[in-house]
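K.L.:
everything below, folded, please.
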Amino acid sequence: MPIEMEDRARALENEYFHRKEQELIEKLKAHLAVENAQSTGLKCPKDDGILMEADYQHIKIDVCNKCHGVWFDAGELAQVIDKDKDGGWFGRLFG
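P.N.:
The predicted structure is shown next:
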């Protein structure tokens with residue numbers, strides 16, 4: 001019986017660390033995408049950061065490299081809402 005408990009504990013521990021590793025990988029991918037995004041040369045309206053062009057569901061949006069604020073050009077918000085109407089929180093909020 002104690003061996004089964006140890007095996008179960010080890011399996012749960014492995015599952016926990018696997019889930020944490022996947023979260024970190026996704027966070028690193030998002031960070032790399034922002035770093036690899038092209039600079040628009042525009043200053044952030046909130047602080048002195050630079051707006052970088054990033055891709056969100058094939059829509060180009062501007063993200064500040066300091067505060068990570070997201071800024072939309074004309075028509076981009078409508079495109080995001082249209083793509084997210086199928087059940088995402090963003091589409092429900094603004095749709």
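
K.L.:
helices or strands up against whichever strand or helix holds Q79?
P.N.:
Per DSSP states H and E, Q79 falls inside helix 76-83. When contacts are defined as 3 or more CB pairs under 8 Å, 6 or more residues apart in numbering; DSSP states H and E, helix 76-83 packs onto strand 59-64, helix 89-94. C-betas here are computed from N, CA, C, even on glycine.

K.L.:
same thing but at 6 Å, please
P.N.:
strand 59-64 (3 or more CB pairs under 6 Å, 6 or more residues apart in numbering; DSSP states H and E).

K.L.:
what mean pLDDT does the helix holding Q79 have?
P.N.:
Confidence over helix 76-83 (mean pLDDT, whole number) is 79.

K.L.:
quick one, it and strand 59-64 angle?
P.N.:
130 degrees (axes from the mean of the first three to the mean of the last three CA atoms, to 10 degrees).

K.L.:
per-domain residue ranges of the chain.
P.N.:
Per automatic domain parsing, the structural domains of the chain span 1-36, 39-95.

K.L.:
what's the most buried one of those?
P.N.:
Greatest average neighbour count among those goes to domain 39-95 (a mean of 14), per mean count of other CB atoms under 10 Å.

K.L.:
what angle separates the helix or strand hosting M5 from strand 59-64?
P.N.:
Assignment of secondary structure by DSSP H and E places M5 within helix 2-36. Here helix 2-36 runs at an angle of 90 degrees relative to strand 59-64 (the same axes, to 10 degrees).

K.L.:
any idea how far helix 2-36 is from the chain center?
P.N.:
18 Å (CA atoms, centre = their mean, to the nearest Å).

K.L.:
try stretch 49-61
P.N.:
Worked out by CA atoms, centre = their mean, stretch 49-61 lies 11 Å from the chain centre.

K.L.:
ends of it, what's the gap?
P.N.:
End-to-end distance of stretch 49-61 (CA to CA, to the nearest Å): 15 Å.

K.L.:
kindly report the same for stretch 70-79.
P.N.:
By CA to CA, the extent of stretch 70-79 from end to end equals 14 Å.
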